[in-house]
Structures are given as structure tokens and as C-alpha cells.
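In: Dropping the sequence and predicted coords here.
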2 protein chains.
Amino acid sequence: MNDIAVAAGVAQSTVSRVLNDAPLTIPVAPETRARVLETARRFGYRPNPLARALRGARTMLLGAVVRDITDPFFAVAIEALAGEARARRYNVVLGHAHGQADEAIELTHVLEAGHCDAIVLVGDMTDQPRLIKDLQSSRVPVVALWQGSRVRGIPAVNVDNRCGVRLALDHLTTLGHRRIAFVGGRPLGDIEERRAAFVEYLADAGMDLPDEYVQHTVNTPAGGSMSLRSLRDLPAPPTAVVAATDVLAVGVLNAAFQTGVRVPDDLSVTGFDDIPFAAYTVPPLTTLRMPITDMIAEAVRLAIEEDGTPAGERGRLVRVLAPTLVERDSTARPRDVPT
Amino acid sequence: MNDIAVAAGVAQSTVSRVLNDAPLTIPVAPETRARVLETARRFGYRPNPLARALRGARTMLLGAVVRDITDPFFAVAIEALAGEARARRYNVVLGHAHGQADEAIELTHVLEAGHCDAIVLVGDMTDQPRLIKDLQSSRVPVVALWQGSRVRGIPAVNVDNRCGVRLALDHLTTLGHRRIAFVGGRPLGDIEERRAAFVEYLADAGMDLPDEYVQHTVNTPAGGSMSLRSLRDLPAPPTAVVAATDVLAVGVLNAAFQTGVRVPDDLSVTGFDDIPFAAYTVPPLTTLRMPITDMIAEAVRLAIEEDGTPAGERGRLVRVLAPTLVERDSTARPRDVPT
DNA sequence: CTGAAAGCGCTAACAC
DNA sequence: GTGTTAGCGCTTTCAG
């Protein structure tokens, strides 16, 4: 910047003013402005964001700590996040918390220490209490997404898990199912809420719920596959399975196929998330569409926009958006209930 | 840092030395060192990476420009990248090039302008020539991954597409298939190499290849699905389909199911990438396993490790790793060829 | 309207 | 061994 100041025959501060479209209160002569702009262009000038940030300006970097990018659902979320950030001329710094808590902690240190203007937590991080605790005392705004049960002190944007599960169960019971099982990942955050809503619904409906009908496994197709096998080995296997995520549902579908169980004739399956693949499973999956775009937009707004909310109050900001049921071909009337 | 210097009763430079484990050539009195460390801890000191970077040190940030995070294959790659980066105490700054070329270009400006120590391109970016051109004159090291045909001036780590396609076709022809079609995304980079290898193989083998047997579509399940429908409408539909990616293969499998074509009885399908879902499709997909971990490790090494290669020579660094065939249940002997 | 100058937090000579 | 000092590239008063 100094070079270009010299070349244009003006002071370096003037260059700064021109290049930053300085406040109209301190105008620059159009002629000077043009000359500076021209010289800057010739020099191929690029502002150094580091120096800028050091001086107190924003880094235009949004930190994202994501539980597991490998999960297509989160991948889509990250894409939406990148898009939303980009629209606000932000870039996304990525960190994944997969693995040891220590890693995630170290990560947030980096993110927080002035590099990012805000941090968004993508996915349940409740099994990493130290991370959460660390973030609560963060100087930069932190927003949590899909954190399930609200994390104290951190504003959050969540999906209405209870509503989603009810949608799925209404659908299934209306079809005539009475023996319905639940397959979920580790009972954290969202998953735990979905499990609780499931149990509550069945209790309210006065339906039987053997302990074995609630399966907990890892949130991968492999986990879903294993769970269905366990379920089928029961004396009275369920006629429908509510999977806590589409990723699990994919495993359930696969295990059904492998063991000769026809979906939806012998077994109905519902997912949760509506990942891109959900429409292309065999058969296409009935699932709950997550309002990802809206959730991300809201989260970014909370993270970046300086509203007047005092820091102490921010933690109370919680938005809950509702999912919608997408009926595809993995659910049908059970065999014993004729039309 | 100044505060802590005052509090500990030493010079700020001493604090810097202690906190950075300064070179042994300028030792610090153990007692002073201890006092500084203690004070720093009390103050909850966190180094400001911005200032550090401004001073010329590295940012410990690795820029990743990824074609489409939504693609599970790239998601896995990013996860591997994050892991490898983390192992070297780096963080990953993410940018996705999905969409307009302008976006990606703007993106690299940000990444390049001193924010990142190196940039890695994940996926074919050959349709964004300006981006590539921009990057070639980059001051920070750039490494390309899955760039397909080599990009001039940028070191690259690629998969051996020719080898992969041959593996798939050897497998299929050995089973007895003679009418084999190819379904690929836009003919760029890797995809184009795969298509070329496919055409070449069939020509060498003296097998028929109607023009319609080479389908180009979008790299999504929807694209794969549409392509298979077109293929089935042909007077002589293929008995096997080589999909250029697993994502396409998922669509092919779905379309087969929807149109009553049984896989592998009526149709064999192979994929490419071995994404996590590949083992859980219906039926499980025969595909080519990508040596992701090795490729990522190599790319990170090229990007971060300052070897002695002169800048002008770096572009000639190209590594090509071979995929391996994973036989699952989506391929079998065609109906008209009895055992 | 424009220039001079003071730092932002840190590192790296260069003294003492 | 430790303190002093000069910037890194930029924004931002404060004077002209």
C-alpha cells in the first residue's frame, strides 16, 4: 500500500481512505481518488486481511465447528452455511470435532483467538462439555445449530424434534402400524429429543413399547443395519422403524434387503433429515425434511449481525423451526391391516 | 502480552521468547521462565495469530477450495484433509467453488492474501479457468487434488482413472458382459479421463460402443437415474453400466429399482470412489476404492512441507495413485451367459 | 481535502 | 540472560 501511495504521489493514508470507500464525512477529491484507484489496479493490490484485522476491523471469517462432515446431512448444512456466509462476504473456517475432545478445544482456541468474527457449532457437541464450557466464555459470538437440548449461555437454532417425531408417528399409526421401533445414535442432543418424543408419543397412544424396540447404535449405515438385524431377531419384530436420521435409515433399508425383508410390504421405515440421497434409496425414503436453509440463515444472522442484545442475554435466544414430512415409498400399510 | 510482561516484571520480548520456546541459542533463566509462564496462565493468555502472521510467521491455516462439499466423496476427502492438517497443527479454511466462477475467484483472493499458508484444490476445477489462472500466479503454494488432467503449473495428486476403469471393465468382461454403457458427469478432469479410458478399452477389446452408450449428465443421483432410463429405452439396452462416480451409481440403482430392472440379475452396475454409502446401497455396490487417505496425505505434504523444489519446478510434481476394485453385489454374470 | 503519525500484538535483530 | 527497538500492513485520529 505504501508503494502505491508513493507511485500515485499521495499519502498512504489517502490510499487507505480511497480503497475503503471512507465515510462520506471525509471526502476525497474525485481526481485523486481516480489516480489512486488506477495505481492500485496497476500494482494488482490486494488488501492484507491480517493487518486489517489486527487494527480492529473484522476478519470476515466465520468459524464452523462441525461434528462430522462425513455425514451428508452436515455436509449439506455446511454448504448452506458457506453460501449464506458468502452472501454476506464472509468465508468459512472449518474445524471438525470428530474425535477427541481435546482436538475440538484446541480448535476453538484458534478460531476464537481473533481469527473469526463468530463461531457456529454445527451438530450435537454435548458430549464435549469442555468445548462448550470453553465457548461460553468466548469473546466472539457463538451460535449453536442442532444442539438438541439447549446449551446454557449459547444462542441456538434448533429443529422441532418433537414435532418431527409426531409427524412420522402420526403417519405410521394412521397407516395402521402398532408395533413401531426406534433406531437412534448415541442419545445426545437431537437424538435424545427424538427418542424422548418417540417414547412419549407411544405412551400417550397407549401402545406397547418393549425395551428392545428402542435401539441405540452409532450414527452410520452400519449402525442402522445392525439395529434392524437385532429387531428382526425379536419374537415379535416391529412392523415399522423410525430411524433418528436418514443415515441410519439407509442402513436399515440395506439390512432389510439383505435379510429378505421387503420394504414397505413387510416393514415400513422413516428417516429424519431428508439428505439428498433420501429420494434415491431403494425404495425412496419417507422422511422429515429439515428446514436447513432457514436454520442456517437464522444462525448466521444471530452470529454476525450485531443486534442490541446484551451479551448476558444472548444465551436465551433460541429459535426452533419445524420439519415437514416427505412421504415417499418406504412406508405403507402393514400386511395384517388390509385396505 | 504487554500486560503480562509488566505483571511479571520483565520485558515484553522476554515473554515472547518464553512463550515461543525460543531457540536454545538464547536461553532464558529457568526462574524467569517459570514466572512468565505462571503469569501468562493467570492472565489466560492466548497468542493472537493475526499479529503473529502479520509479523511474517505462518498462519497455520490451510485453504481448501472444494468443488462440492455436498458430494459425499468430497466430504470424506475434506474430513481426511482436516485430520491430516490437524496432525500438523493446521486448521482448514473452507471455500466451495460450487456455483459461479466469480465466487471462487473472490474466494481465492481471500485465501491467498496472506491468510493461508497454502491452498489445496479439491476436485475438478477445470471449468473455472480464471480461478486456475489466478492460482497459478499465487504467492502461496497451491496443490490440486483430483484435478483429472494435470493443470499446468500446479502440483497435483491424482487417481489413476485409466487403471480404475480398466479394473471395472476387466471385472465386467470377465463376467461375460459385452454391452456395457458409461454414465458420467460433465466431461471435465477426472470424469473425462474415465470416459476416455472407457472408450479406449472397449475399442481395444473390439467391442461395440453405440454413441448412446456414453451418457453425460449431472453428477447427482438424479443424473444417474435419468441416464439409466435413457439407456433402458434403447433398442438394445446395456447389460452393465459403469458409473463414473458412486453418486451416479446410486441414481442408477434407484432407477433400476423403479423400472423393475433387477440388479445384478438384469443389470450390473459399478461405481467409482467407494463412498461410505456404497457398502449400504441396495444391492451393495461394486466400486473402485479411492486411496483417499494416501492422496490427502501426499497433497498436504506437498502443500505444507517446504521441500527444495524451486517454484518454477513445482508444477511438474504430479503423483498418481491407483484405486482398487471392491467387489460387492451389484455385478454378476449377465442372464444370457450361463455359468 | 490531504498528510503525518500513532499504534493494533507480536517477532527478531541488536544492544547491554 | 534480558531489555530496547524497529517494524509487519493497515486504520484512524489529529493537524494542516
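Out: Happy to help now that I have it.
In: Run through chain A and note the low-pLDDT ranges.
Out: Across chain A, residues meeting the criterion (pLDDT under 70) sit at A:23-25, A:96-114, A:137, A:149-150, A:306-315, A:337-339.
In: gap between the residue in the stretch 51-200 of chain A positioned nearest to DNA strand D and A:Ala181?
Out: Residue nearest to DNA strand D within the stretch 51-200 of chain A: A:Ala51 (3.3 Å; C-beta to the nearest atom of the strand). Every C-beta, even on glycine, is put in place using the N, C-alpha and C of the backbone. Distance of A:Ala51 to A:Ala181, given as C-beta to C-beta, to the nearest Å: 58 Å.
In: Which parts of the stretch 101-250 of chain A are strands?
Out: A:118-122, A:142-145, A:156-159, A:180-184, A:214-216, A:240-243 (DSSP state E, counting those that start in this stretch).
In: Okay, now the sheet partners of the first one, with direction.
Out: So the one you mean is strand A:118-122. strand A:61-66 (parallel), strand A:142-145 (parallel) (DSSP bridges).
In: what's the answer for the fifth one, then?
Out: In its sheet, strand A:214-216 lies beside strand A:180-184 (parallel), with partners assigned from DSSP bridges.
In: Dump the strand it pairs with to PDB, keeping only the CA atoms.
Out: Extracted C-alpha coordinates of strand A:180-184, given in PDB (Å, rounded to 0.1, in the frame of the first residue of the first chain):
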ATOM      1  CA  ILE A 180     -43.100 -49.500  16.000                       C
ATOM      2  CA  ALA A 181     -39.400 -49.400  16.900                       C
ATOM      3  CA  PHE A 182     -36.900 -46.500  17.200                       C
ATOM      4  CA  VAL A 183     -33.300 -46.600  16.000                       C
ATOM      5  CA  GLY A 184     -31.100 -43.800  17.100                       C
END
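In: re earlier: touching, the residue of the stretch 51-200 of chain A closest to DNA strand D and B:Ala53? I think so.
Out: No: using C-beta atoms under 8 Å as the test, A:Ala51 is too far from B:Ala53 to be in contact (9.3 Å).
In: higher neighbour count, these two?
Out: B:Ala53 (24 against 15; other C-beta atoms under 10 Å in any protein chain shown).
In: That one falls within a strand, correct?
Out: No: counting by DSSP: H, G, I helix; E, B strand; the rest coil, B:Ala53 is not part of a strand but helix.
In: hmm, back to that, enumerate every residue touching the residue of the stretch 51-200 of chain A closest to DNA strand D.
Out: By C-beta atoms under 8 Å, 6 or more residues apart in numbering or on different chains, the residues touching A:Ala51 are B:Leu54.
In: Okay, it and B:Leu131: tell me how far apart.
Out: Counting by C-beta to C-beta - A:Ala51 and B:Leu131 are separated by 25 Å.
In: All the helices of the stretch 101-250 of chain A, residue numbers only.
Out: A:101-110, A:129-136, A:161-175, A:189-204, A:221-232, A:246-258 (DSSP state H, counting those that start in this stretch).
In: and those as CSV, adding mean neighbour count and distance to B:Asp170?
Out: Listed next are the helices of the stretch 101-250 of chain A as CSV, based on neighbours: other C-beta atoms under 10 Å in any protein chain shown; distance: least, C-beta to C-beta, whole Å:
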stretch, mean neighbour count, distance to B:Asp170
helix A:101-110, 19, 42
helix A:129-136, 17, 49
helix A:161-175, 20, 45
helix A:189-204, 20, 44
helix A:221-232, 22, 28
helix A:246-258, 27, 27
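In: Now tabulate these in TSV and tack on distance to A:Ile4.
Out: Shown next, in TSV, are those (distance: least, C-beta to C-beta, whole Å):
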stretch	distance to A:Ile4
helix A:101-110	32
helix A:129-136	41
helix A:161-175	55
helix A:189-204	51
helix A:221-232	56
helix A:246-258	52
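In: for the strands paired with strand A:118-122, which one ends up most surrounded?
Out: Highest mean neighbour count among the strands paired with strand A:118-122 (mean count of other C-beta atoms under 10 Å in any protein chain shown): strand A:142-145, with a mean of 28.
In: Other residues contacting that strand?
Out: A:77, A:118-123, A:125, A:135-136, A:151, A:154-158, A:295-296, A:299-300, A:302-303.
In: 6 Å - rerun?
Out: Here strand A:142-145 makes contact (C-beta atoms under 6 Å, 6 or more residues apart in numbering or on different chains) with A:119-122, A:135, A:151, A:154-157, A:299, A:302-303.
In: Nearest residue to the residue nearest to the spatial centre of chain A in space, ignoring adjacent ones along the chain?
Out: Chain A has A:Val122 as the residue nearest its centroid, 4.4 Å off, counting by C-alpha atoms, centre = their mean. Using C-beta to C-beta, 6 or more residues apart in numbering or on different chains and skipping the chain neighbours, the partner closest in space to A:Val122 is A:Val66 (4.1 Å).
In: which bits of the stretch 201-339 of chain A sit near chain B?
Out: A:221, A:250-251, A:254, A:257, A:280, A:282 (C-beta under 6 Å from any C-beta of the partner chain).
In: again, only this time at 7 Å
Out: Selection of the stretch 201-339 of chain A residues close to chain B by C-beta under 7 Å from any C-beta of the partner chain yields A:221, A:225, A:250-251, A:253-254, A:257, A:276-277, A:280, A:282-283.
In: Let me have the residues you listed in TSV, adding distance to A:Val214 as columns.
Out: Formatted as TSV, these follow (distance: C-beta to C-beta, whole Å):
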residue	distance to A:Val214
A:Pro221	19
A:Ser225	17
A:Val250	20
A:Gly251	16
A:Leu253	20
A:Asn254	21
A:Phe257	23
A:Pro276	28
A:Phe277	25
A:Tyr280	28
A:Val282	26
A:Pro283	25
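In: Since that was my last question, I'll sign off now.
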